[in-house]
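Colleague: no letters, just coordinates:
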């Protein structure tokens with residue numbers, strides 16, 4: 001098997017169907033399925049000539065582009081492994097990630113080369129290949145979809161999140177296929193066949209495999225790029241949207257997207273009023289609220305309107321009702337929180353033994369279980385889950401935080417408990433408006449995570465915005 005085969009089949013079935021659109025001068029850049037794979041053939045031919053073969057690890061770094069996805073398919077097709085390191089990670093984390101993966105090749109554009117030159121471990125990679133020079137004529141090259149074992153690593157992505165050392169998330173070739181299947185079963189009822197405005201990379205790969213056009217926007221999400229969406233031709237008008245709450249809020253300010261039929265929102269807790277504004281904007285659309293993580297996506301899916309209604313009925317400012325787990329997920333909870341297993345749940349981390357000891361386990365049947373880091377409780381009616389906060393936050397603090405959000409009608413703050421027991425409210429809050437249960441308000445600029453721009457990066461906010469914090 002090879003995980004690129006479904007997308008390769010789409011080339012034969014609908015060669016001229018749009019595969020990817022990116023903003024740019026005029027009407028932007030559109031690549032059809034056949035154009036994407038012609039580019040992948042050219043890259044693959046040069047990669048083979050450069051010595052890339054099945055089992056090799058290839059660090060890939062390029063801007064968001066058609067070329068980037070062509071390179072991903074070229075590498076996966078050869079049975080090699082795509083290694084991805086978030087470029088904004090601290091230098092020490094980039095160094096550790098590169099030393100952990102030990103890639104044999106570094107494939108990049110010119111920006112990637114500049115980034116790589118800053119890091120000794122990347123400079124030490126034996127073979128460095130320029131994507132521009134790899135784009136030589138394919139000369140009749142027939143795309144290779146190497147037959148590999150399902151447990152062959154397909155991608156290794158390194159992310160440090162907000163909690164510590166880099167963790168190498170390994171997605172096998174079989175796991176990538178199974179994730180697409182799970183996503184399809186979880187969302188097909190709400191998903192039309194038209195273009196998908198897509199923020200999450202794993203959804204782009206799933207779209208390509210199912211034959212759907214993907215509308216991509218580079219980070220940062222500039223208003224002028226969002227406004228360009230409404231000028232797209234009919235074949236590229238988004239029919240669905242997959243994003244997080246921060247992108248959804250920005251989009252509603254700058255684009256109308258009249259053809260939207262379904263929206264899938266996840267990646268972070270979402271304020272109820274953000275979704276309510278979206279319900280008003282697109283009353284004809286069907287909304288899904290997704291719960292998952294980098295290592296397990298999706299875990300649970302809810303009808304977003306029902307999730308907001310139940311969350312409001314229980315007095316919550318944020319959408320805390322998660323709906324039921326998807327059929328493929330096995331789950332249990334212990335004193336720490338929620339554990340999940342399933343065909344699309346990633347196995348042990350690469351290069352982070354401490355995280356493997358605390359967040360991964362293997363049962364007697366050989367199944368990998370992943371610790372989500374969250375507390376979950378079943379609804380009284382038994383038809384879904386409620387989110388009860390991160391496992392490392394006392395549940396009483398989480399409930400106080402939610403009551404505070406409701407009182408302030410804002411989630412731009414968080415509870416921080418000092419070692420003395422004093423309870424502080426940290427964030428963008430008027431110091432005169434102290435809700436019940438709060439000992440002191442500490443104004444601070446809220447810093448969001450780089451990936452979703454929605455989750456509060458509490459350690460960085462405390463470190464950079466609250467200089468009063470001891471230690």
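Modeller: Right, received. Where do you want to start? All figures in this text were calculated on a predicted structure; none of them were measured in a lab.
Colleague: measure stretch 356-372 end to end?
Modeller: Length of stretch 356-372, first residue to last, CA to CA, to the nearest Å: 13 Å.
Colleague: what residues of it count as buried?
Modeller: Neighbour-count burial for stretch 356-372 flags 359-360, 368-372 (criterion: 16 or more other CB atoms under 10 Å). From N, CA and C alone the C-beta is placed, and that goes for glycine too.
Colleague: among the residues you listed, which lie within strands?
Modeller: In strands, defined here by DSSP state E, the members of the buried residues of stretch 356-372 are 360, 368-371.
Colleague: using a markdown table, please lay out those together with distance to residue 433 and pLDDT.
Modeller: Formatted as a markdown table, those follow (distance: CB to CB, whole Å; pLDDT from 0 to 100):
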| residue | distance to residue 433 | pLDDT |
| --- | --- | --- |
| 360 | 43 | 97 |
| 368 | 46 | 95 |
| 369 | 43 | 98 |
| 370 | 40 | 97 |
| 371 | 37 | 97 |
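Colleague: between those, which is closest to residue 157?
Modeller: Closest approach to residue 157 among those (CB to CB): residue 370, at 15.0 Å.
Colleague: any idea how far residue 11 is from residue 38?
Modeller: In this view, residue 11 and residue 38 are 9 Å apart by CB to CB, to the nearest Å.
Colleague: for the chain, which helix is longest?
Modeller: Secondary structure of the chain per DSSP state H: the longest helix is helix 33-49.
Colleague: name the next helix or strand downstream of that helix, please.
Modeller: Remark: after helix 33-49, the chain's next helix or strand is strand 57-61, criterion DSSP states H and E.
Colleague: got the angle between that following strand and helix 33-49?
Modeller: If you take axes from the mean of the first three to the mean of the last three CA atoms, to 10 degrees, strand 57-61 sits at 130 degrees to helix 33-49.
Colleague: ok now strand 57-61, how far from the chain's centre?
Modeller: Taking the mean of its C-alpha atoms, strand 57-61 sits 19 Å from the chain's own mean (CA atoms, centre = their mean, to the nearest Å).
Colleague: so which elements touch that strand?
Modeller: Here strand 57-61 touches helix 66-77, strand 81-85, helix 91-101, strand 105-108, helix 110-117, going by 3 or more CB pairs under 8 Å, 6 or more residues apart in numbering; DSSP states H and E.
Colleague: including mean pLDDT, could these go into JSON lines?
Modeller: Putting those into JSON lines (pLDDT from 0 to 100) gives the following:
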{"stretch": "helix 66-77", "mean pLDDT": "96"}
{"stretch": "strand 81-85", "mean pLDDT": "97"}
{"stretch": "helix 91-101", "mean pLDDT": "93"}
{"stretch": "strand 105-108", "mean pLDDT": "98"}
{"stretch": "helix 110-117", "mean pLDDT": "95"}
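Colleague: so which of these comes closest to residue 213?
Modeller: That would be, of the helices and strands packed on strand 57-61 and by CB to CB, helix 66-77, which comes in at 12.2 Å.
Colleague: tell me the angle that closest one makes with helix 110-117.
Modeller: Counting by the same axes, to 10 degrees, helix 66-77 lies at 60 degrees to helix 110-117.
Colleague: what angle separates helix 66-77 from strand 81-85?
Modeller: Helix 66-77 runs at 140 degrees relative to strand 81-85, counting by the same axes, to 10 degrees.
Colleague: for helix 66-77, give me every contacting residue.
Modeller: The contact list for helix 66-77 (CB atoms under 8 Å, 6 or more residues apart in numbering) reads 2-4, 7-8, 20, 22, 29, 31, 35-37, 39-41, 43-44, 47, 52, 58, 60, 62, 81-82, 107, 109, 131, 135, 143-146, 154-155, 173, 204-205, 208.
Colleague: now that we have the residues you listed, which of them are buried?
Modeller: Neighbour-count burial within those applies to 2-4, 7-8, 20, 22, 31, 35-37, 39-41, 43-44, 47, 52, 58, 60, 62, 81-82, 107, 109, 131, 135, 143-146, 154-155, 173, 204-205, 208; the criterion is 16+ other CB under 10 Å.
Colleague: does residue 235 count as helix, strand or coil?
Modeller: Three-state assignment for residue 235 (DSSP: H, G, I helix; E, B strand; the rest coil): helix.
Colleague: correct me, but it touches residue 213?
Modeller: Yes. Counting by CB atoms under 8 Å, residue 213 is a contact partner of residue 235 at 7.5 Å.
Colleague: before we move on, the earlier item: check which helices and strands the longest helix of the chain sits against.
Modeller: If contacts are counted by 3+ CB pairs under 8 Å, 6+ apart, helix 33-49 sits against helix 5-13, strand 18-22, helix 66-77, helix 131-134.
Colleague: how about 10 Å then?
Modeller: helix 5-13, strand 18-22, strand 29-32, helix 66-77, strand 105-108, strand 127-130, helix 131-134, helix 201-210 (3 or more CB pairs under 10 Å, 6 or more residues apart in numbering; DSSP states H and E).
Colleague: and of those, who's closest to residue 243?
Modeller: Among the helices and strands packed on helix 33-49, the nearest to residue 243 by CB to CB is helix 201-210 (9.4 Å).
Colleague: got the angle between that closest one and strand 18-22?
Modeller: For helix 201-210 against strand 18-22, the angle by the same axes, to 10 degrees is 150 degrees.
Colleague: list the buried residues of helix 201-210.
Modeller: Neighbour-count burial for helix 201-210, counted by 16+ other CB under 10 Å, picks out 201-210.
Colleague: ditto for stretch 14-21
Modeller: Of all the residues in stretch 14-21, those buried under the rule 16+ other CB under 10 Å are 18-21.
Colleague: and if you look at stretch 114-133?
Modeller: Neighbour counts over stretch 114-133 (16+ other CB under 10 Å) mark 115-116, 119, 121-122, 125, 129, 131 as buried.
Colleague: stretch 259-278 now?
Modeller: 259-276, 278.
Colleague: mind checking the end-to-end distance for it?
Modeller: By CA to CA, the extent of stretch 259-278 from end to end equals 14 Å.
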